[in-house]
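S.K.: just a sequence and a predicted model for now, questions to come.
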Amino acid sequence: MGSKGRVGIVTINDDENYGNRLQNFALQQAVRALGWEPETLRNRPAPWPPELFWPRMRHDLATRPMDLLRRAAVRMRRGARRPEFAPRRRAAIEQFTRERVVGSPEEFDAAPAEYWSTRYERAIVGSDQVWNPVYRRANAADFLAFMDPDRRIAYAASFGVQSIPGFLRTRYAAWLDGIPALSVREEQGARIVAELTGRAVPVVADPTVLVSREQWDDLIRTSSAPVDDPYALQFFLGTPTTQQVQWVRTTVMQEDLCVVDANDLHTERWCDLGPADFVLAIRNASLVITDSFHVASFAVVYHRPLVLRERFAHDDRMGTLLRGVGLRTRPVRVPGIGRVIDADWVEVDARRERDRADSLRFLADALDGRSAARG
């Protein structure tokens with residue numbers, strides 16, 4: 001049986017992040033299993049539109065002036081202290097992308113919109129924080145503006161923010177309303193869509209859920225584990241407080257584990273871990289400690305004891321993940337950290353399978369153009 005047609009996937013693909021590469025791979029696999037030919041558009045977010053410069057500055061100064069200073073300080077520190085082994089981590093992720101993700105023959109900006117609209121039968125935006133205005137600078141391409149509306153699909157797209165700034169709300173409302181088959185990854189995302197457009201849209205599973213545990217096992221079959229000894233895998237994308245660092249250190253020592261700090265790129269030991277190796281590292285860990293959505297998701301897949309750190313205040317991504325599978329955390333004595341407790345893994349797996357089936361049904365309906373996908 002031949003392919004139903006080519007599908008373009010729009011997502012973040014800067015080869016800097018494990019979770020993004022793994023969700024991109026997973027969505028590709030799911031689309032292929034549904035009979036389509038997936039292809040990820042190689043893209044980088046365009047600069048902020050010039051007409052938004054002053055509205056954006058006024059908004060930031062009025063609502064979060066200290067954030068501007070912090071972001072500037074972070075950029076200065078990164079420029080001065082780029083981790084020595086960051087290029088090797090990026091190379092490992094790039095290799096995974098080359099080998100596992102089918103990319104477009106051209107960069108998105110290298111061809112006119114007409115080229116892309118004729119190349120694809122459908123286009124999907126998602127998953128990950130493709131609609132985060134800080135990361136993606138409010139680009140129309142992330143809302144598939146280059147495609148006819150009836151061929152646009154949003155699968156598990158995430159905003160990564162609590163609300164859309166006032167100076168972007170009109171644009172976001174129009175862009176969102178131009179996607180008939182629209183789904184989001186978090187409950188907060190559904191609230192944002194309802195607020196801006198009046199539409200009730202489904203919350204679907206992250207693409208990594210669409211791939212079965214057995215398929216992930218096949219991916220990591222030839223990967224290598226970081227260590228043989230029992231270990232705790234630590235992976236923080238944010239910066240933990242001194243109290244949090246001390247709590248983690250004490251907890252790991254009490255449980256007689258060594259630590260694999262998979263995001264420490266100032267030392268050479270773990271810098272060559274590619275995304276598949278990283279999944280294996282999660283599977284083999286005796287304890288997973290993280291503030292990353294995708295690390296937590298894979299820890300749930302592999303039934304790993306899990307400690308979660310809150311990276312952003314009022315961030316609903318972890319909450320949606322845990323509630324969806326019936327897990328809960330218990331706060332520890334240090335603010336911002338919770339430990340998953342009382343996990344009934346049989347029930348967790350059953351809930352994940354139901355979520356997977358419902359989400360695949362949404363994706364299949366959207367790709368086949370069935371009107372039920374409107375939401």
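M.R.: Cool, the structure landed.
S.K.: quick one: the longest helix anywhere in the chain to chain centroid distance?
M.R.: In the chain, assigned by DSSP state H, the helix with the most residues is helix 345-367. Using C-alpha atoms, centre = their mean, to the nearest Å, the mean C-alpha position of helix 345-367 is found 18 Å from that of the whole chain.
S.K.: can you give me the mean pLDDT across that helix?
M.R.: Confidence over helix 345-367 (mean pLDDT, whole number) is 97.
S.K.: list the buried residues for that helix?
M.R.: 348, 351-352, 355-356, 359-360, 362-367 (16 or more other C-beta atoms under 10 Å). Quick note: C-beta positions are derived from backbone N, CA and C, even for glycine.
S.K.: residues in contact with that helix: which ones?
M.R.: Defining contact as C-beta atoms under 8 Å, 6 or more residues apart in numbering, one finds that helix 345-367 is touched by 4, 7, 30-31, 34, 36, 122, 124, 153, 155-156, 181, 183, 202, 204-205, 209-210, 212, 300-301, 303, 324-327, 372-373.
S.K.: tell me which of the residues you listed fall in strands.
M.R.: Val7, Arg122, Ile124, Ile153, Tyr155, Ala156, Ala181, Ser183 (DSSP state E).
S.K.: doesn't Gly5 make contact with the second one?
M.R.: In this case it means Arg122. Yes: counting by C-beta atoms under 8 Å, Gly5 is a contact partner of Arg122 at 6.9 Å.
S.K.: residues shared between the contacts of these two?
M.R.: Joint contacts of Arg122 and Gly5 (C-beta under 8 Å, 6+ apart) are Trp36.
S.K.: these two: who's more crowded?
M.R.: More neighbours surround Arg122 than the other of Arg122 and Gly5, with 24 against 13 (other C-beta atoms under 10 Å).
S.K.: which residues does the closest residue in space to that one that isn't next to it in sequence form beta bridges with?
M.R.: Counting by C-beta to C-beta, 6 or more residues apart in numbering, Arg122 lies nearest to Val7, which is 4.7 Å off, once chain neighbours are set aside. Here Val7 shows beta-bridge partners Pro38, Arg122, assigned using DSSP bridges.
S.K.: from Ala194, how far out is the residue most central in space within the chain?
M.R.: Nearest to the mean C-alpha position of the chain, by C-alpha atoms, centre = their mean, lies Asp128 at 3.2 Å. For Asp128, the distance to Ala194 equals 21 Å [C-beta to C-beta, to the nearest Å].
S.K.: report pLDDT for the residue nearest to the centre of the chain.
M.R.: pLDDT, read off for Asp128, is 90.
S.K.: what about it, which helix or strand?
M.R.: For Asp128, there is no helix or strand it lies in under DSSP states H and E.
S.K.: and it, what is it in contact with?
M.R.: Contacts of Asp128 (C-beta under 8 Å, 6+ apart): Thr11, Ile12, Gly19, Asn20, Gln23, Asn24, Ser158.
S.K.: could you identify the most distant pair in these?
M.R.: Greatest spatial distance among the contacts of Asp128 (C-beta to C-beta): Asn24 and Ser158, at 13.4 Å.
S.K.: more neighbours: these two, which one.
M.R.: More crowded of Asn24 and Ser158, by other C-beta under 10 Å: Asn24, with 28 against 23.
S.K.: hang on, isn't that one packed against Asp15?
M.R.: No: taking contacts as C-beta under 8 Å, Asn24 lies outside contact range of Asp15: 10.3 Å.
S.K.: overlap in contacts of those two?
M.R.: With contacts defined as C-beta under 8 Å, 6+ apart, the residues shared by Asn24 and Asp15 are Thr97.
S.K.: quick one: Arg98 from Arg330, how far?
M.R.: Distance, Arg98 to Arg330, using C-beta to C-beta: 42 Å.
S.K.: go on, Ile93?
M.R.: Ile93 is 34 Å from Arg330, by C-beta to C-beta.
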